[in-house]
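J.: make a model of this:
(chains A and B)
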Number of protein chains: 2
Amino acid sequence: MAQQERAVKTRRTIIEAAAALFGEFGYNGTSTTDILERCGVTRGALYFHFPNKLSIADAVVALQDEALGPPEREVKVQAMIALSYQYAWGLMYDPMLRGVVRLAVEQATYKKPDDLSYRGPKKAVLELLRQAERRGELLPGLELEAVAQFFVGSFTGVQVLSEASTGRQDLPERVTEMWRIILPGLVTPGILTRLRIPDLPGGTRPDGRLSA
Amino acid sequence: MAQQERAVKTRRTIIEAAAALFGEFGYNGTSTTDILERCGVTRGALYFHFPNKLSIADAVVALQDEALGPPEREVKVQAMIALSYQYAWGLMYDPMLRGVVRLAVEQATYKKPDDLSYRGPKKAVLELLRQAERRGELLPGLELEAVAQFFVGSFTGVQVLSEASTGRQDLPERVTEMWRIILPGLVTPGILTRLRIPDLPGGTRPDGRLSA
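T.: Model (predicted):
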């Protein structure tokens, strides 16, 4: 393996181990020593890639982009729906995504107020909303930026409550309820009758992880 | 002051100081010593009322009920709307309510998954939804339990994002956007035209606190 390839692999190993630990124990509950022990990398190698724990957490948050590729659907609101279940699935079964989201929600323990963790999801949703608008799927007069922001906020809270109540076991049902309530304020009546909820992911790996 | 009255007052002093500290530093970032220093109560008095920090946190969560008395409105969905702005106002200006909500959202750092912190809000919303349904304000076929659950989740996430982005300074605008999107899936068209958003609290104290 070339040196550069090995470095990329080591960096990824560190990030994955850190994400899983942040998911389990939170930012304050995880030390760099815990991360080293989990991934079997030397302290020197870790500090070669990351100056401190905060920079590892930032790299973990960036992992989120992998879960934000929307499934292909002709109706773009349907693609948003499919993406929401794909993300929910990741929260249930992918330790890395759980880590990302725990860092985001417990932001205040990790760094000063900053909406970095929510920018990726907001951008992905906004892009789908713009496509949906061009195709005439949406009700007129919506401010798409504000809708994207609301949607990401709403989903965030729904998964927080699902985690608190059932360890996220009822998350797909709660996502379905969310869509039932918000779709009439979002799409034209003609599109509403064509949408399918739930739209669960079919192509996930046997272990439920969405990313390679 | 009678002995019992003094005990009630001391207990309240401890809870208020703890709530403000939890809001500022989180559960893990606050020690019982910090609480003692903030409220000027002796360690003996504190342990007379609370065996440990966890029991203080539980008492802080119970404070939330004070922020959940809905303003009187003839249209019950309007009362829900008014309650949401009253609660948003509390999150912006009442250090105690900020403490309650930080404990709820960072639940995983404070105790095992448990939806205790969300039961009060859910109950308050469900009661208003039931009244609204009896008055024929709601669309037919809604499952009110699920709607109440979604609403509390959605509001929770909206305020998390508002906190991350602007330290909650844009929370009223975000609550308005939430109502614009969810009302068409909730109320009859006839009621929709009668509703007023925003419905900001008028009777708050000069320091913005909602409770005495």
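
J.: for the residue minimising distance to the centre of chain A, what are its contacts?
T.: The centroid of chain A falls nearest to A:Q64 when counting by C-alpha atoms, centre = their mean (4.9 Å). Neighbouring residues of A:Q64 by C-beta atoms under 8 Å, 6 or more residues apart in numbering or on different chains: A:97, A:100-101, A:117, A:120-121. All C-beta spots, glycine's among them, are computed from the backbone N, C-alpha and C.

J.: again, only using 7 Å
T.: For A:Q64, the contacting residues are A:100, A:120, by C-beta atoms under 7 Å, 6 or more residues apart in numbering or on different chains.

J.: excluding its backbone neighbours, what's nearest the residue in chain A that chain B sits nearest to?
T.: Of all residues in chain A, the one sitting closest to chain B is A:G157 (2.5 Å; C-beta to the nearest C-beta). In this structure, A:G157 finds its nearest non-sequential neighbour in B:G157, 2.5 Å apart by C-beta to C-beta, 6 or more residues apart in numbering or on different chains.

J.: A:A124 now?
T.: A:L68 (4.3 Å).

J.: contacts only, for the one you found.
T.: Counting by C-beta under 7 Å, 6+ apart, the residues that A:L68 touches are A:120-121, A:124.

J.: about what we covered before: now the residue of chain A closest to chain B: how far from A:Q169?
T.: 17 Å (C-beta to C-beta, to the nearest Å).

J.: looking at those two, which one has more neighbours?
T.: The neighbour count for A:G157 versus A:Q169, taken as other C-beta atoms under 10 Å in any protein chain shown, is higher for A:G157 (26 against 11).

J.: what helix or strand is that one on?
T.: Assigned by DSSP states H and E, A:G157 falls within helix A:144-166.

J.: which other helices and strands contact the very next helix or strand once past that helix?
T.: Following helix A:144-166 in sequence order, the next helix or strand is helix A:171-182 (DSSP H and E). With contacts defined as 3 or more C-beta pairs under 7 Å, 6 or more residues apart in numbering or on different chains; DSSP states H and E, helix A:171-182 has these neighbours: helix A:76-93, helix A:144-166, helix B:144-166, helix B:171-182.

J.: and the helix or strand following the first one, does that touch chain B?
T.: Remark: after helix A:76-93, the chain's next helix or strand is helix A:95-105, criterion DSSP H and E. Yes. Among the residues of helix A:95-105, A:102, A:105 lie within reach of chain B under C-beta under 7 Å from any C-beta of the partner chain.

J.: that older thread, how about the residue nearest to A:A124, phi and psi?
T.: When read as degrees, to the nearest 10, the backbone of A:L68 gives phi -110, psi 10.

J.: how about A:Y47?
T.: phi -70, psi -20.

J.: chain B contacts on chain A?
T.: A:26, A:28, A:102, A:105-109, A:113-115, A:118, A:146-147, A:149-150, A:152-158, A:160-161, A:163-165, A:167, A:174, A:177-178, A:180-186.
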